[in-house]
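> Sequence and computational prediction follow.
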Amino acid sequence: MTIPKDFGYTDDHELLRKTARRLFSAKCAVSEIRRLADDDIGFSGELYQEMAELGWLGLVLPESVGGADLDTLSLAMVLEEMGRCLLPSPFLGSVLAALAIRRTGGDDIARRWLPDIVTGKTIATIALSEPDASWEPESVRSRAERTAGGYALSGTKTHVMWGQHAGILVAPFLENDERALFAIELPRPGVTIEPEVCIDGTRRTARITLANARVDDSARIGGDSVEALRWIHTIGFVMTAAELLGCSEAVLSITRDYANERIQFARPIGSFQAVKHPIVNVMIDLEMTRSLVVGAAAALDHEPERAEMLSRMAKASATDSCLFACDRGIQTHGGFGFTWDCDVHFYYKRALWGAATLGDGRHHRRKLAEILQDLEA
């Protein structure tokens, strides 16, 4: 398969974008972000249910489990709009968990787990990180030991998105030195969930410890799943990149408006080269990232053999460009930019979280060098 030459945004994509932007503008203003950042729960259950009713939790899932069966670009566009408004929501974790179940399990497994996730009845999450481990899918140390009628799961998972609110945890374990994916219903005996102190107050994470937690055979949803895990990581790269792209767009808009409004020496500060040139650089980086995100989304649907390379490129670009945009945004706001009242610091914290999730720019450039070396060999 090859990416179609006319691939790009369609009228349906634009309608989806306008719907998402309109919903988030009405329900996720900055004042609401500030409120939820200090809230014990941290997200709006009402808005989450509304997104489920719009079908967004199942955008790329098949209709047989209640999904909309749309393309990956549609999902990336929704994540971009979420990043633009810094939506605090378990959406990303639920979607990645659902995609992992669909990718690794059969039809019976999908019909068991996915309808409740798609309708918003159950919040799901995925655990791809462990203490002192790499961002790569091979780095799994948690163990699954065979028992009568099931498994005993042991290990620690860190930085689990909204783990304290999840009813389903999807996570990889080692079973006889082979990686297997399990879908674990929560809460359950042997599983301890501790909220982590996260740099981004709009994105809650948890450390989940399993100590001989017993599950039955049906919890095992995938066999030797290195390739499946690699695919899950790959689509995770694209989705986090899309969200960071939305963050960069918002920071660019905030910074540009401030530069046009702030008067210094009887002129808007945006008229000075030292201010406007960095803003232009942010815009250039943003458009390059957008092209990479669109290309990676296209590859996931049409050229899966190129998807990992393009997705890593998108994640590296999105991470670096968002951090740069936030840095320039804070500097442009001067002393005000370092205060709690400036909204840019919320985006900077999301950028730092995005860099630490599924690999930062340096990590992905190193892996890209290895991929390109293998292609040349």
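Received it, and whenever you're ready, just let me know what you need.

> tell me the SS of the closest residue to Glu175 other than its chain neighbours?
Distances taken as C-beta to C-beta, 6 or more residues apart in numbering place Ala144 nearest to Glu175, at 4.3 Å, with adjacent residues excluded. The way it works is simple: take the backbone N, C-alpha and C, and place the C-beta from them, glycine included. Under DSSP: H, G, I helix; E, B strand; the rest coil, the three-state class of Ala144 is strand.

> Tell me where the stretch 151-300 of the chain has helices.
Counting by DSSP state H, counting those that start in this stretch, the stretch 151-300 of the chain has helices at residues 226-261, 273-302.

> which strands and helices sit next to the longest one?
When you say that, I think you mean helix 226-261. Packing partners of helix 226-261 (3 or more C-beta pairs under 8 Å, 6 or more residues apart in numbering; DSSP states H and E): helix 72-85, helix 91-104, strand 178-185, strand 267-268, helix 273-302, helix 304-332, helix 344-356.

> how far out from the middle of the chain is it?
Here helix 226-261 is found 9 Å from its chain centre; the criterion is C-alpha atoms, centre = their mean, to the nearest Å.

> Would you mind confirming that the residue nearest to Glu175 is in contact with Phe182?
Yes: contact criterion C-beta atoms under 8 Å: Ala144 and Phe182 qualify, at 6.8 Å.

> Neighbour count for these two, which is higher?
Neighbours were counted for Ala144 and for Phe182 using other C-beta atoms under 10 Å; Ala144 has more, 27 against 24.

> Return the residues in contact with that one.
The neighbours of Ala144, taking C-beta atoms under 8 Å, 6 or more residues apart in numbering as the test, are Tyr151, Ala152, Leu153, Phe173, Leu174, Glu175, Ala180, Phe182, Arg220.

> Does the first one touch Ser218 like I think?
If I follow you right, that is Tyr151. No: assessed by C-beta under 8 Å, Tyr151 is found out of contact with Ser218, at 10.5 Å.

> Neighbour count for those two, which is higher?
Tyr151 (23 against 14).

> Just give me the neighbour total for the closest residue to Glu249 other than its chain neighbours.
The shortest distance from Glu249 to any non-neighbouring residue, by C-beta to C-beta, 6+ apart, is to Arg84 (5.6 Å). Residues near Arg84, counting by other C-beta under 10 Å, number 23.

> same deal with Gln373?
There are 9 residues near Gln373, going by other C-beta under 10 Å.

> And it, how far from Met313?
Using C-beta to C-beta, to the nearest Å, one gets 16 Å for the distance from Gln373 to Met313.

> same check, this time on Ile279
24 Å.

> Who has more neighbours out of the two?
More crowded of Ile279 and Met313, by other C-beta under 10 Å: Met313, with 22 against 17.

> Who are the contact partners of the nearest residue to that one once chain neighbours are set aside?
Using C-beta to C-beta, 6+ apart and skipping the chain neighbours, the partner closest in space to Met313 is Leu292 (5.2 Å). Applying C-beta under 8 Å, 6+ apart to Leu292 gives the contacts Ala241, Leu310, Met313, Ala314, Ser317, Ala318.

> so can I have a markdown table of the residues you listed showing distance to Leu114 and pLDDT?
Below are those laid out as a markdown table (distance: C-beta to C-beta, whole Å; pLDDT from 0 to 100):
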| residue | distance to Leu114 | pLDDT |
| --- | --- | --- |
| Ala241 | 25 | 98 |
| Leu310 | 27 | 96 |
| Met313 | 30 | 97 |
| Ala314 | 26 | 98 |
| Ser317 | 32 | 97 |
| Ala318 | 28 | 98 |
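
> and those, which are buried?
With burial judged by 16 or more other C-beta atoms under 10 Å, the buried subset of the contacts of Leu292 is Ala241, Leu310, Met313, Ala314, Ser317, Ala318.

> Rebuild these as a markdown table, extending it with distance to His345.
As requested, the buried ones among the contacts of Leu292 are exported to a markdown table (distance: C-beta to C-beta, whole Å):
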| residue | distance to His345 |
| --- | --- |
| Ala241 | 22 |
| Leu310 | 31 |
| Met313 | 28 |
| Ala314 | 25 |
| Ser317 | 23 |
| Ala318 | 19 |
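
> one step back: can you check the pLDDT for the residue nearest to Glu249?
pLDDT, Arg84: 97.

> ok, for Gln164, nearest residue in space, not its chain neighbours?
Counting by C-beta to C-beta, 6+ apart, the residue nearest Gln164 is Ala206, at 4.8 Å.

> now swap in Trp56 and tell me
Of all residues not flanking Trp56 in the chain, Val78 sits nearest, at 5.6 Å (C-beta to C-beta, 6+ apart).

> what residue is smack in the middle of this protein?
Thr240 (3.7 Å; C-alpha atoms, centre = their mean).

> Settle this for me: that one is touching Ala318, isn't it.
Yes: the criterion here is C-beta under 8 Å, and Thr240 meets it with Ala318 at 7.3 Å.

> so what's in contact with those two at the same time?
Common neighbours of Thr240 and Ala318 (C-beta under 8 Å, 6+ apart) are Gly354.

> residues near the closest residue to Lys367 other than its chain neighbours, how many?
The shortest distance from Lys367 to any non-neighbouring residue, by C-beta to C-beta, 6+ apart, is to Arg312 (5.8 Å). Neighbourhood size, Arg312 [other C-beta under 10 Å]: 27.

> Quick one, grab the pLDDT at Arg312.
97.

> In contact with it, which residues?
Applying C-beta under 8 Å, 6+ apart, the residues contacting Arg312 are Phe237, Gly359, His364, Lys367, Leu368, Ile371.

> neighbours around the fifth one, how many?
A count of neighbours around Leu368, defined by other C-beta under 10 Å, yields 16.

> Correct me if wrong, but it is in a strand.
No: looking at Leu368 with three-state DSSP, it is helix, so not inside a strand.
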